[in-house]
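Peer 1: with the input below, show me the fold.
(4 chains)
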Protein chains: 2
Amino acid sequence: MTTSAIRSGSLARRERQKAETRQSILDAARELFVSEGVEATTMRAIAAKIGYTPTAIYHHFQDKDALLLELCMADFSALAQSLYKIGRIEDPVERLRRMGLAYADFALANPSQYRFMFMTLMEHPTVDGCGNAVTPPDEDAYRFLLHTVTEGIDGGHYRPELSDPHELAQMTWGGIHGVISLWLNHANDPKIEWRAPRETVRSLIDVTIRGALRNPGS
Amino acid sequence: MTTSAIRSGSLARRERQKAETRQSILDAARELFVSEGVEATTMRAIAAKIGYTPTAIYHHFQDKDALLLELCMADFSALAQSLYKIGRIEDPVERLRRMGLAYADFALANPSQYRFMFMTLMEHPTVDGCGNAVTPPDEDAYRFLLHTVTEGIDGGHYRPELSDPHELAQMTWGGIHGVISLWLNHANDPKIEWRAPRETVRSLIDVTIRGALRNPGS
DNA sequence: GTGAGTGACTTGACGGCGTTAGGTGATTCT
DNA sequence: AGAATCACCTAACGCCGTCAAGTCACTCAC
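Peer 2: Numbers count the residues shown, from 1 in each chain, chains lettered A, B, ... in the order given. This is a model prediction of the structure:
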């Protein structure tokens, strides 16, 4: 980027520098947020990490919530992305199984992000600086799950009493989420012999799908 | 309480008064904690509610965490209590189903308590004022679940690959917990058509049990 | 009865938090 | 060269959890 201002106007450079600062704030915030946790990460610590004053952050983000919301939305996109990769599988039941595993893998690979995305109380709707409603793209992932479940229902794969796609989607999503969030929050509890959450999720998916199928294969 | 000191020694009365103050702190804390949330409840607010100074609380509890931990432990007992009532059912599979529903009912009837008990990061082991390890009696409920699951395994009710009681317990617990915690945290999200969590839990239990059984009944 | 002792509770403060009003100074435009 | 912009800083506000030191009603031994 040494040849940055080849022919860009000064104004463009300034905008780019501002964008770089903004990104460095996001990077520092993400790193601290991942390593220290959301609550324990202070605006002062974020600012110190990039050599700025805490108030500088407020020229780029409305407040701490807005900063974390932006990180969160990027994570929602990443999650949706990793689920879309599964989308090419033809059989909606097998696709559901793979989506569940991919979801669990994402959560276990990014536990702090996952905690912030799904394990903190979200007040909807959130509004951005201009007063516009900000809708995190979690709907993308949910709609994708809903689509997969609906295909399975329409294809007659599931038992007749499981005709509500929302209920079926929330069952599967909730089940996986529960195993993972329980483990993330209580894995340190020595009173419980925790099993590896990925294996538990895999078993839960297998059991749930078999129990939901109209004609279980085996 | 006007006839309080009928014949009790002065020392006894003082102890009783201290216990009463302590209990009033617990009551006020519980009420605020339920209505305002854990994070939003301040020591100053708790103290103001009962007409004391914030520092007075520190003569009865080590810190805010200790105060909330005590409330939490009472809730764990209440949960274990409501699960014990199910204990008389003979069939371990049916008992598991009923325990799951009772667990969900408890969580939905006491959402704030549930949030604190299972949806906040717990650092174990916690220590009390004397440096002794405090183990919340959640192990009671978990051991009860484990016992029920083990009975089902030993009785040959479940499929052979589901031979690990811990895994099976964590699957069922996690599944129910997930549906409920997801709903508690995101029910306000207008982008998702949430179904009544109790019905979703019921369906999930039915599906999970059917998928786990060696010989599904229907 | 009285003086010492106890202990529940208060006063006043500390450091840290998120956040803000107002200033500063380099950069950019005219 | 002068004016304007704006990214960033200084200093502070009102919260928070917590604590050291004091107060003072009550209890008890003599």
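Peer 1: is any residue of the helix or strand containing A:Ala74 near DNA strand C?
Peer 2: Using DSSP states H and E, A:Ala74 falls within helix A:64-84. Yes. Using C-beta under 7 Å from any atom of the strand, helix A:64-84 reaches DNA strand C at A:Lys64, A:Asp65. All C-beta spots, glycine's among them, are computed from the backbone N, C-alpha and C.
Peer 1: hmm, that helix in reach of chain B?
Peer 2: No. Using C-beta under 8 Å from any C-beta of the partner chain, helix A:64-84 stays clear of chain B, with a minimum separation of 11.5 Å.
Peer 1: can you report how many residues lie near the nearest residue to A:Met119 once chain neighbours are set aside?
Peer 2: Here the nearest residue to A:Met119 in space, its sequence neighbours aside, is A:Ser181; by C-beta to C-beta, 6 or more residues apart in numbering or on different chains that works out to 5.3 Å. Neighbour count of A:Ser181, defined by other C-beta atoms under 10 Å in any protein chain shown: 25.
Peer 1: for A:Ser181, list the residues it contacts.
Peer 2: By C-beta atoms under 8 Å, 6 or more residues apart in numbering or on different chains, the contact list for A:Ser181 reads A:Arg115, A:Phe118, A:Met119, B:Met119, B:His177, B:Gly178, B:Ser181.
Peer 1: what would those look like in JSON lines with secondary structure and pLDDT?
Peer 2: JSON lines is the format used below for the contacts of A:Ser181 (DSSP: H, G, I helix; E, B strand; the rest coil; pLDDT from 0 to 100):
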{"residue": "A:Arg115", "secondary structure": "helix", "pLDDT": "89"}
{"residue": "A:Phe118", "secondary structure": "helix", "pLDDT": "91"}
{"residue": "A:Met119", "secondary structure": "coil", "pLDDT": "89"}
{"residue": "B:Met119", "secondary structure": "coil", "pLDDT": "89"}
{"residue": "B:His177", "secondary structure": "helix", "pLDDT": "98"}
{"residue": "B:Gly178", "secondary structure": "helix", "pLDDT": "98"}
{"residue": "B:Ser181", "secondary structure": "helix", "pLDDT": "96"}
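Peer 1: name the SS class of A:Leu162, please.
Peer 2: Following DSSP: H, G, I helix; E, B strand; the rest coil, we place A:Leu162 in the coil state.
Peer 1: for it, give me its contacts.
Peer 2: Contact partners of A:Leu162, counting by C-beta under 8 Å, 6+ apart, are A:Ile153, A:Leu168, A:Ala212, B:Ser203, B:Val207.
Peer 1: list just the nearest of the residues you listed to DNA strand D.
Peer 2: Closest to DNA strand D out of these is B:Ser203 (39.8 Å), distances taken as C-beta to the nearest atom of the strand.
Peer 1: show me what the helix or strand where that closest one lies is packed up against.
Peer 2: Per DSSP H and E, B:Ser203 falls inside helix B:197-212. Contacts defined by 3 or more C-beta pairs under 8 Å, 6 or more residues apart in numbering or on different chains; DSSP states H and E place helix B:197-212 against helix A:165-186, helix A:197-212, helix B:92-109, helix B:165-186.
Peer 1: flag the shaky bits of chain A, pLDDT-wise.
Peer 2: Applying pLDDT under 70 to chain A flags the ranges A:1-13, A:123-139, A:218.
Peer 1: any buried residues in the top helix by length along it, and which?
Peer 2: Among the elements of chain A assigned as helix by DSSP state H, the one spanning the most residues is helix A:10-36. Residues A:Thr21, A:Arg22, A:Ser24, A:Ile25, A:Leu26, A:Ala28, A:Ala29, A:Arg30, A:Leu32, A:Phe33, A:Val34 are the ones in helix A:10-36 that count as buried (16 or more other C-beta atoms under 10 Å in any protein chain shown).
Peer 1: helix/strand/coil for the residue lying closest to the last one once chain neighbours are set aside?
Peer 2: Spelled out, that is A:Val34. Counting by C-beta to C-beta, 6+ apart, A:Val34 lies nearest to A:Ser112, which is 4.2 Å off, once chain neighbours are set aside. Here A:Ser112 is recorded as helix under three-state DSSP.
Peer 1: rewinding a little: same list, the contacts of A:Leu162, but as CSV with distance to B:Asp164 and neighbour count please.
Peer 2: Compiled in CSV, those are given as follows (distance: C-beta to C-beta, whole Å; neighbours: other C-beta atoms under 10 Å in any protein chain shown):
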residue, distance to B:Asp164, neighbour count
A:Ile153, 32, 19
A:Leu168, 27, 27
A:Ala212, 22, 28
B:Ser203, 25, 21
B:Val207, 20, 26
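Peer 1: picking up where we left off before, find the pair from the contacts of A:Ser181 with maximum spatial separation.
Peer 2: Distance extremes for these: the farthest pair is A:Arg115 and B:His177 at 14.8 Å, using C-beta to C-beta.
Peer 1: so the two - more neighbours on which side?
Peer 2: Remark: of A:Arg115 and B:His177, B:His177 carries more neighbours, 26 against 20, as counted by other C-beta under 10 Å.
Peer 1: residues in contact with the more buried one?
Peer 2: A:Gly178, A:Ser181, A:Leu182, B:Ala107, B:Phe118.
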